[in-house]
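Engineer: Let me see the structure of the following:
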Amino acid sequence: MIREAIILAGGLGTRLRSAVPDLPKCMASVAGKPFISFVIDYYKTQGIEKFIFSLGYKHEVIEQFLDEQYGDLSKQYVIEQEPLGTGGAILLACTKATEKDVLILNGDTLFNIDLSALASFHNSRHAHCTLSLKPMQQFDRYGVVELNGDQSVKNFKEKQYYETGLINGGVYALQVNALLSESLPEKFSFEKDYLETFYAQRPMFGIIQDAYFIDIGIPADYEKANVELGKK
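Structural biologist: You can find the predicted model right below:
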């Protein structure tokens, strides 16, 4: 079982400025509370006991909220002094991890995966990284991930219009030492410089999870989250 999660919450939220001025993206109010609450609360129900928050922009706002509202949560803060990219942020947070495998989450995305299924699959394949993939229809905002018959990653396809496809939902099971042992720079993209660079040479897999998914990165989906999560 995976009991520790890294939540990436250092984003500027530039595309959300019109809807959420001057706040980290994950702190955008959705259905009356900061969006990151939905992420934390869901993954606590899935068995996550320890959280590492990777923070940057206005990190003190997030820290204050978490200390006040989640005072009893087992948590650590890792602060980016300058933007490190998704990969650099994960790499830095992994140096604080206490478990062999961790769950990687985005603070501005809620993907209600079955963590037990992900962890079991990840461990059975001795994977360095296992991606949670969401089936989507008629979309152009995301790239597509294709799998081989054994569910290893076959390739990554660029963003364009797709009738159907599996998108990378941004939730990963990651073997900590596998990432730390790679020769990676301080700043890099996890998607481009780790996943898309090493998938053919490392044990990387995908598991399909057809569960609720919302990414509040653009105003239209932020409004959609307010409606949908307000009903839950």
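Engineer: Identify the bridge partners of residue 145.
Structural biologist: Beta-bridge partners for residue 145, by DSSP bridges, are residue 156.
Engineer: Check whether it really touches residue 153, as I assumed.
Structural biologist: Yes. Residue 145 lies in contact with residue 153 (C-beta atoms under 8 Å); the separation is 6.4 Å. C-beta: built from backbone N, CA, C; applies to glycine.
Engineer: joint contacts of the two?
Structural biologist: Taking C-beta atoms under 8 Å, 6 or more residues apart in numbering as the criterion, residue 145 and residue 153 both touch 131, 206.
Engineer: those helices in the chain, which residues are they?
Structural biologist: Here the chain has its helices, by DSSP state H, at 35-45, 59-69, 85-94, 115-124, 176-180, 196-198, 219-230.
Engineer: which one of the ones you listed is the most hemmed in?
Structural biologist: helix 85-94 (a mean of 22; mean count of other C-beta atoms under 10 Å).
Engineer: Convert the C-alpha atoms of it to CSV, please.
Structural biologist: Taking C-alpha atoms only, helix 85-94 is exported to CSV below (Å, rounded to 0.1, in the frame of the first residue of the first chain):
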residue,chain,number,x,y,z
GLY,A,85,9.5,22.7,-13.0
THR,A,86,7.3,19.7,-12.2
GLY,A,87,10.3,17.4,-12.2
GLY,A,88,12.5,19.5,-10.0
ALA,A,89,9.7,20.0,-7.5
ILE,A,90,9.1,16.2,-7.3
LEU,A,91,12.8,15.5,-7.1
LEU,A,92,13.3,17.9,-4.2
ALA,A,93,10.2,16.6,-2.4
CYS,A,94,11.4,13.0,-2.9
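Engineer: For it, give the mean pLDDT please.
Structural biologist: Averaging pLDDT along helix 85-94 gives 97.
Engineer: what lines up beside the longest strand along the chain in the sheet?
Structural biologist: As assigned by DSSP state E, the longest strand anywhere in the chain is strand 162-175. Strand 162-175 has the following sheet partners, assigned by DSSP bridges: strand 101-106 (antiparallel), strand 129-139 (antiparallel).
Engineer: what residue lies at the spatial centre of the protein?
Structural biologist: residue 105 (2.5 Å; C-alpha atoms, centre = their mean).
Engineer: distance of that one from residue 161?
Structural biologist: Residue 105 sits at a distance of 28 Å from residue 161 (criterion: C-beta to C-beta, to the nearest Å).
Engineer: Nearest spatial neighbour of residue 51, chain-adjacent residues omitted?
Structural biologist: Leaving aside its sequence neighbours, residue 51 sits nearest to residue 75 (C-beta to C-beta, 6 or more residues apart in numbering; 4.6 Å).
Engineer: so the one you found touches residue 54, yeah?
Structural biologist: No. In this structure residue 75 lies outside contact range of residue 54 using C-beta under 8 Å: 11.6 Å.
Engineer: what distance separates stretch 167-177 from the centre of its chain?
Structural biologist: Centroid displacement of stretch 167-177 relative to its chain, using C-alpha atoms, centre = their mean, to the nearest Å, is 7 Å.
Engineer: Now that stretch: buried residues?
Structural biologist: Of all the residues in stretch 167-177, those buried under the rule 16 or more other C-beta atoms under 10 Å are 167-176.
Engineer: Lovely, talk soon.
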